[in-house]
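> Below is the sequence, then the predicted model.
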Amino acid sequence: MACTAAARSSSGNGARKRGDDQDGWLSWNDAPDTPQLKTGGGSGGEETDWRSEVRGLAQSLRSQSFDSDSEGTEWDSAWDEQRERCFLVGVQLKQQRSRHGYSVHESLEELGRLADTAGLEVVGHTYQLLDDVNPRTYIGSGKVQEIMAAVNSTGASTVIFDDELSPGQLRNLERALGESVRLCDRTALILDIFSQRAATREGKLQVELAQSEYQLPRLTRMWTHLERQSGSGQVKGMGEKQIEVDRRLLKGRMARLRKDIEEVRTHRRSYRERRAAAPIPVVALVGYTNAGKSTLLNTLTNAGVLAEDKLFATLDPTTRRVELPGGKAVLFSDTVGFIQKLPTQLVAAFRATLEEIKDASLLLHVVDVSHPSASAQIDAVNRVLEDLGVENMPTLNVWNKVDACADPAVVQAVASRRENTVCISGLTGEGLPDLMERVSAKLQDSMVGVHVLIPYSQGELVDEIHRTGVVSSAEFGPTGTEVHAHVPLALAQRLGPLRLATAAAVEQQQQQQQAAAAAGDDGSWDSVDEEEWARLLAAEEAQLR
Ligand SMILES: Nc1nc2c(ncn2[C@@H]2O[C@H](COP(=O)(O)OP(=O)(O)OP(=O)(O)O)[C@@H](O)[C@H]2O)c(=O)[nH]1
Ligand SMILES: [Mg+2]
């Protein structure tokens with residue numbers, strides 16, 4: 001991928017030009033202040049806008065990684081000579097904070113963290129205020145010249161743009177900035193990180209397919225390269241032929257990748273089916289990258305999942321058994337984190353992996369509540385969940401990293417006023433007992449209440465109810481075990497014929513049937529029974545929504 005080739009040797013002097021506030025070189029300290037914490041008491045009982053509350057509660061971490069930028073003079077000593085240097089470019093659209101609810105400052109800071117995760121050294125950044133991005137070059141021509149000057153003075157070998165560049169923009173910028181500068185956009189950078197980090201065969205195949213999809217329309221770059229080398233129309237023709245060959249090769253490779261992925265998925269499906277055969281409720285941890293999902297899983301289970309202060313630490317799902325209060329077992333499943341402007345190729349590639357979420361009984365939406373962009377991150381995650389069609393699943397909002405907030409007590413107070421929200425620190429373990437209680441209660445809410453009489457000949461069903469449901473009472477009678485419990489919908493459906501309420505209804509119908517038959521009416525009660533069942537199941541399903 002374009003962003004990780006060997007570093008160009010360079011000895012930039014680090015002098016940095018500073019421009020005006022709107023359209024010049026930035027330091028993170030130029031960014032508007034994060035709103036101050038509210039320290040007042042209650043909200044007067046009304047539901048205030050949670051976004052502004054969360055934003056207000058977030059402790060600004062903004063300055064941490066870019067403090068050295070404050071005077072713009074200390075950069076030389078801080079540069080790591082071993083790492084490829086990169087320069088970041090963003091666009092702030094007028095009228096809008098941004099299309100994604102992020103300011104350009106927040107988005108560029110995140111791009112810097114992505115670059116750092118990919119192993120690059122960020123040496124500068126700039127943005128431009130525009131009505132819309134320039135369709136030809138993303139930014140204006142004057143800005144391109146400024147970037148050239150900055151690249152020369154900082155010794156950056158790579159320029160990274162904060163949005164996905166169209167093939168045309170990429171080509172035009174390549175022409176404008178010259179061969180010596182490597183161009184990269186947010187999508188290519190994220191794909192690059194994924195390819196560095198994918199550990200399982202399925203993950204690697206998915207990322208390679210996503211990369212190929214990104215590359216296919218951009219193969220024209222080779223044409224530009226050949227044309228530039230020769231400066232003659234003859235080689236341009238040769239270049240075109242070469243592109244056709246390359247496209248064919250790439251398409252063939254993509255077809256093979258899709259076939260391999262399908263094979264791997266068949267294995268995954270059979271694993272899931274086996275798990276469904278002995279159902280234990282699955283609780284899926286979802287959330288923005290770096291929110292603390294893996295840390296939470298590790299604290300709960302000693303799972304040993306890699307958790308670190310890098311974006312996209314986890315790419316492959318990990319599932320671990322967790323015991324709830326009362327000894328009941330559930331499975332916690334860690335998933336890949338989301339990010340704003342998530343490349344569409346990756347959503348498509350990871351859709352199958354994320355299908356696991358659909359099998360879950362409960363989602364825990366983990367939020368880094370100490371992050372200045374917490375509310376925008378919540379929105380970004382909700383958009384992906386909608387995209388996956390799971391936005392209506394039972395969900396508990398887990399406000400994590402409360403220990404890193406300036407005033408944890410205030411955050412706790414806000415969370416306690418909100419429905420389905422619990423405050424924790426996955427790192428220190430604070431709030432975890434409460435979280436487990438809430439998971440238990442929520443799982444029970446998402447299950448169906450049943451009252452059944454299980455004949456002793458079907459004793460294994462009693463075990464299954466204990467394993468997958470929440471049992472209120474179980475009494476041994478003359479013919480079997482009478483159980484009051486909440487169980488997953490699928491099990492409730494299987495238990496249907498053993499329901500005591502239904503048995504009574506059937507008995508009553510049978511008596512009515514016999515009475516009707518005696519009166520010469522031949523109506524069948526079987527059909528009535530089916531209707532009754534359809535109503536029951538519809539009611540159960542409605543209970544789940
Ligand atoms: N202060 C504090 N830091 C935390 C907490 N939970 C996680 N972290 C830190 O946040 C960083 C990211 O944690 P991870 O658990 O890797 O985050 P993740 O959500 O799994 O991230 P991805 O796998 O990238 O999606 C690590 O440096 C953790 O130590 C917390 O409760 N408090
Ligand atoms: Mg993780």
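Done, it's in. Everything quoted here is computed from the prediction, not taken from an experiment. Ligands and ions are numbered 1, 2, ... in the order given.
> Could you use CA atoms for every contact and neighbour count after this?
Fine.
> Contacts only, for residue 295.
305, 307, 426-427 (Cα atoms under 8 Å, 6 or more residues apart in numbering).
> Determine if any part of the host helix or strand of residue 333 is in contact with ligand 2.
Using DSSP states H and E, residue 333 maps to strand 329-334. No. Strand 329-334 is not in contact with ligand 2 by Cα under 5 Å from the ion; minimum separation 7.0 Å.
> Against which helices or strands is the next helix or strand after that strand packed?
Using DSSP H and E, the helix or strand that directly follows strand 329-334 along the chain is helix 344-358. Counting contacts by 3 or more Cα pairs under 8 Å, 6 or more residues apart in numbering; DSSP states H and E, helix 344-358 packs against helix 201-215.
> Find me whatever residue is spatially closest to the single nearest residue of the stretch 401-545 of the chain relative to ligand 2, sequence neighbours aside.
Going by Cα to the ion, ligand 2 is nearest to residue 426 of the stretch 401-545 of the chain, at 12.1 Å. Excluding the flanking residues, the one nearest residue 426 by Cα to Cα, 6 or more residues apart in numbering is residue 296, at 4.5 Å.
> Could you give the number of residues near the one you found?
25 (other Cα atoms under 10 Å).
> and it, helix, strand or coil?
helix (DSSP: H, G, I helix; E, B strand; the rest coil).
> per-residue confidence for it?
pLDDT, residue 296: 95.
> do residue 153 as well
89.
> how close does it get to ligand 2?
37 Å (Cα to the ion, to the nearest Å).
> Phi first, then psi, for that residue.
Backbone torsions for residue 153, taken as degrees, to the nearest 10, come to phi -80, psi -30.
> try residue 174
The phi/psi pair for residue 174 (degrees, to the nearest 10) is phi -60, psi -40.
> Does it touch residue 184 like I think?
No. Taking contacts as Cα atoms under 8 Å, residue 174 lies outside contact range of residue 184: 10.1 Å.
> out of those two, which sits in the more crowded spot?
The neighbour comparison of residue 174 against residue 184 (other Cα under 10 Å) goes to residue 184, with 23 against 19.
> Need the nearest residue in space to the more buried one, chain neighbours excluded.
That would be residue 160: by Cα to Cα, 6+ apart, it lies 4.8 Å from residue 184.
> Contact residues of this structure facing ligand 1?
289-295, 307-309, 311-314, 336-337, 400-401, 403-404, 425-427 (Cα under 6 Å from any ligand atom).
> quick one: low-confidence parts of this structure?
1-81, 96-100, 220-240, 271-279, 304, 352-353, 501-545 (pLDDT under 70).
> How is it partitioned into domains?
Per automatic domain parsing, the structural domains of the chain span 82-197, 200-278, 280-445, 448-544.
> give me the number of residues near residue 201?
Using other Cα under 10 Å: residue 201 sits among 12 other residues.
> helix, strand or coil for the closest residue to it other than its chain neighbours?
Closest residue to residue 201 apart from its sequence neighbours, by Cα to Cα, 6+ apart: residue 264 at 7.9 Å. Three-state call for residue 264 (three-state DSSP): helix.
> ok, residue 264 touching residue 202?
Yes. Using Cα under 8 Å, residue 264 is in contact with residue 202, at 6.3 Å.
> which one of those two has more residues nearby?
Taking neighbours as other Cα under 10 Å, residue 264 and residue 202 compare with residue 202 leading, 21 against 14.
> isn't that one right next to residue 262, touching?
No. Look at residue 202 against residue 262 with Cα under 8 Å: they stay out of range, at 9.3 Å.
> Could you tell me how many residues sit around the single nearest residue of the stretch 301-450 of the chain relative to ligand 2?
With Cα to the ion, the shortest gap between the stretch 301-450 of the chain and ligand 2 falls at residue 314, namely 3.9 Å. Residues near residue 314, counting by other Cα under 10 Å, number 24.
> try the one 4 residues further on
Residue 318 sits with 16 neighbouring residues when counted by other Cα under 10 Å.
> For it, list the residues it contacts.
Counted by Cα under 8 Å, 6+ apart, residue 318 has contacts 305, 333-335.
> Could you rerun that using 7 Å?
333-334 (Cα atoms under 7 Å, 6 or more residues apart in numbering).
> This protein: strands as residue ranges?
85-93, 121-130, 158-161, 182-185, 282-287, 318-323, 329-334, 362-368, 395-400, 421-423, 448-455, 470-476, 480-487 (DSSP state E).
> buried sites along the fourth one?
Put plainly, it is strand 182-185. 182-185 (16 or more other Cα atoms under 10 Å).
> Identify the residues contacting it?
2-3, 157-165, 174.
> burial measure for residue 417, as a count.
Using other Cα under 10 Å: residue 417 sits among 15 other residues.
> Equivalent analysis for residue 494, please.
Neighbour tally, residue 494, other Cα under 10 Å: 11.
> need the contact list for residue 117.
310-311.
> I'd like the distance between it and ligand 1.
10 Å (Cα to the nearest ligand atom, to the nearest Å).
> Quick check: that residue vs residue 360, distance?
Taking Cα to Cα, to the nearest Å as the measure, residue 117 falls 30 Å from residue 360.
> for residue 148, same thing?
Taking Cα to Cα, one finds residue 148 at 50 Å from residue 360.
> Looking at those two, which one has more neighbours?
residue 360 (20 against 16).
> is it true that the more buried one touches residue 286?
No. Counting by Cα atoms under 7 Å, residue 360 stays clear of residue 286, with 11.1 Å between them.
> Ignoring the adjacent residues along the chain, who's closest to residue 90?
residue 127 (4.5 Å).
> brain fart, residue 281
residue 330 (5.2 Å).
> For the one you found, give me its contacts.
280-282, 321-323.
> With neighbour count added, can I get the residues you listed in CSV?
Listed next are these as CSV, based on neighbours: other Cα atoms under 10 Å:
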residue, neighbour count
280, 20
281, 23
282, 27
321, 17
322, 18
323, 15
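> closest to residue 386 among those residues?
residue 282 (19.5 Å; Cα to Cα).
> now the contacts of strand 182-185: which count as buried?
3, 157-165, 174.
> could you dump these to JSON lines with distance to residue 113?
Formatted as JSON lines, the buried ones among the contacts of strand 182-185 follow (distance: Cα to Cα, whole Å):
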{"residue": "3", "distance to residue 113": "14"}
{"residue": "157", "distance to residue 113": "18"}
{"residue": "158", "distance to residue 113": "15"}
{"residue": "159", "distance to residue 113": "15"}
{"residue": "160", "distance to residue 113": "12"}
{"residue": "161", "distance to residue 113": "14"}
{"residue": "162", "distance to residue 113": "12"}
{"residue": "163", "distance to residue 113": "15"}
{"residue": "164", "distance to residue 113": "17"}
{"residue": "165", "distance to residue 113": "19"}
{"residue": "174", "distance to residue 113": "24"}
